[in-house]
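Chemist: quick one, structure for this:
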Amino acid sequence: MKSFLNISDLSSVELRSIIDSARSRKISRKNLNKSAPDQDKPFEGKSLIMIFEKPSTRTRISFDIAVKQLGGSTIILNPTGIHYGKGDETIKDTAKVLSEYADIVMIRTDAHKNLVEFKKNSSIPVINGLSEQSHPCQIMSDILTFEEIKGNISKKTITWIGDGNNNMCNSLIEAAAKFDFNLKIGCPVKYKPNKKIIKWAQKNNANIKIFGKPKDAVVNSDCIMTDKWVSMNDKVNKKAKKKSLKNYQVNKKLMSFAKSDAIFMHCLPVGRGEEVTDEVIDGKQSVVWRQALNRVHAQKSIINWCLT
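Modeler: Prediction:
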């Protein structure tokens, strides 16, 4: 049984197979309606349970559509409607019960430890739909999107601007090691990446450089990425954090220091006028809507990988 909690858990070969399968399956259904099943229906007769501890738009919808395209069905749960998380049933017992009902579980959680505990006690695969530590499904979608436009990501240069110590940047650091791309991170000293993840990356031969000035980070980059300065349930002084990051906005001037054909990515939702300007996110270099679409295709491939 295989679960998908972190990019670092998989080998480079496994991750590459997921991306290649996603691309191939997407191409094969280009003439089908959005919710029409793939011809082979590999998930027919199977079901995915989704547990949401946090609000969701893209994760909820993209997983639901992904399973429909694979020929299966979904059940959506949140902690207010079930015993899970209320203190009257443990994660351990919930995992054992849901393992009897479905074929695979996706969890979007405030606490990565909940994913680990669920996986430990589950007899079916578990997928990380987002935690405070990592967002692997989004990064797989981003790599799929990048390669559709720019070719193989190996040896290319990706720049992350903003908070270097959040779940997206954590997963991007892991991906840099596994997919062999250069990663430059532009962030304030206060928001440098987690030391433990950087140590892991160095041990795994990742090419990562950290810059204090955003301009230095974007020079000669193929892709500029950012995220909301304040994430959902971020237990910080929001006003103070935004003030610390105000010079790390992705705008037209900053984009001009990257390669002329560089693309812009954002996992959404976006804080327009904060981490990015309207001019950039709505401009010709932006690929954010394709990123959102490719969540469907990347997650289909992740589901298939978990079950094979």
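
Chemist: where exactly do the strands run in the stretch 101-250 of the chain?
Modeler: Assigned by DSSP state E, counting those that start in this stretch, the stretch 101-250 of the chain shows strands spanning 104-108, 126-130, 157-161, 182-186, 207-211, 223-226.

Chemist: to Gly151, which of these lies closest?
Modeler: Gly151 lies closest to strand 223-226 among those, at 11.9 Å (CB to CB). C-beta coordinates here come from the backbone N, C-alpha and C atoms, glycine included.

Chemist: in CSV, please show the C-alpha coordinates belonging to that closest one.
Modeler: C-alpha atoms of strand 223-226 as CSV (Å, rounded to 0.1, in the frame of the first residue of the first chain):
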residue,chain,number,x,y,z
CYS,A,223,9.5,30.7,-13.4
ILE,A,224,8.5,33.0,-10.5
MET,A,225,6.3,31.6,-7.8
THR,A,226,4.7,33.1,-4.8
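
Chemist: strand partners (parallel or antiparallel) of that strand?
Modeler: Applying DSSP bridges, strand 223-226 is found paired with strand 157-161 (parallel), strand 263-266 (parallel).

Chemist: neighbouring contacts of it?
Modeler: 142, 146, 150, 156-162, 168, 172, 218, 248, 250, 254-255, 258, 262-266, 275-276 (CB atoms under 8 Å, 6 or more residues apart in numbering).

Chemist: buried among these? Make that a PyMOL selection.
Modeler: The buried residues among the contacts of strand 223-226 can be selected in PyMOL (16 or more other CB atoms under 10 Å) with this line:
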select buried, resi 142+146+150+156+157+158+159+160+161+162+168+172+218+248+250+254+255+258+262+263+264+265+266+275+276
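
Chemist: ok so, going back, let's have the strands paired with strand 223-226 in a markdown table, adding distance to Ala240 and mean pLDDT.
Modeler: Shown next, in a markdown table, are the strands paired with strand 223-226 (distance: least, CB to CB, whole Å; pLDDT from 0 to 100):
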| stretch | distance to Ala240 | mean pLDDT |
| --- | --- | --- |
| strand 157-161 | 19 | 98 |
| strand 263-266 | 23 | 98 |
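
Chemist: mind putting those in a markdown table, distance to Lys190 included?
Modeler: Shown next, in a markdown table, are the strands paired with strand 223-226 (distance: least, CB to CB, whole Å):
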| stretch | distance to Lys190 |
| --- | --- |
| strand 157-161 | 15 |
| strand 263-266 | 22 |
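
Chemist: which residues touch the closest residue to Leu130 other than its chain neighbours?
Modeler: Spatially, and ignoring its direct neighbours in sequence, Leu130 is nearest to Arg108 (4.8 Å; CB to CB, 6 or more residues apart in numbering). Counting by CB under 8 Å, 6+ apart, Arg108 touches 50-54, 56, 59, 129-131.

Chemist: looking at Arg108 now. What's its pLDDT?
Modeler: For Arg108, the pLDDT comes out at 96.

Chemist: would you mind measuring from it to Thr74?
Modeler: Here the criterion is CB to CB, to the nearest Å. By it, Arg108 lies 13 Å from Thr74.

Chemist: how about Ile91?
Modeler: In terms of CB to CB, Ile91 sits 21 Å off from Thr74.

Chemist: and those two? Which one has more around it.
Modeler: Ile91 (22 against 17; other CB atoms under 10 Å).

Chemist: tell me the pLDDT of the residue nearest to the more buried one when sequence neighbours are not counted.
Modeler: Computed as CB to CB, 6+ apart, the closest residue to Ile91 that is not its neighbour in sequence is Glu117, at 4.6 Å. On pLDDT, Glu117 comes in at 97.

Chemist: check Gly85 too.
Modeler: Gly85 is assigned 67 on the pLDDT scale.
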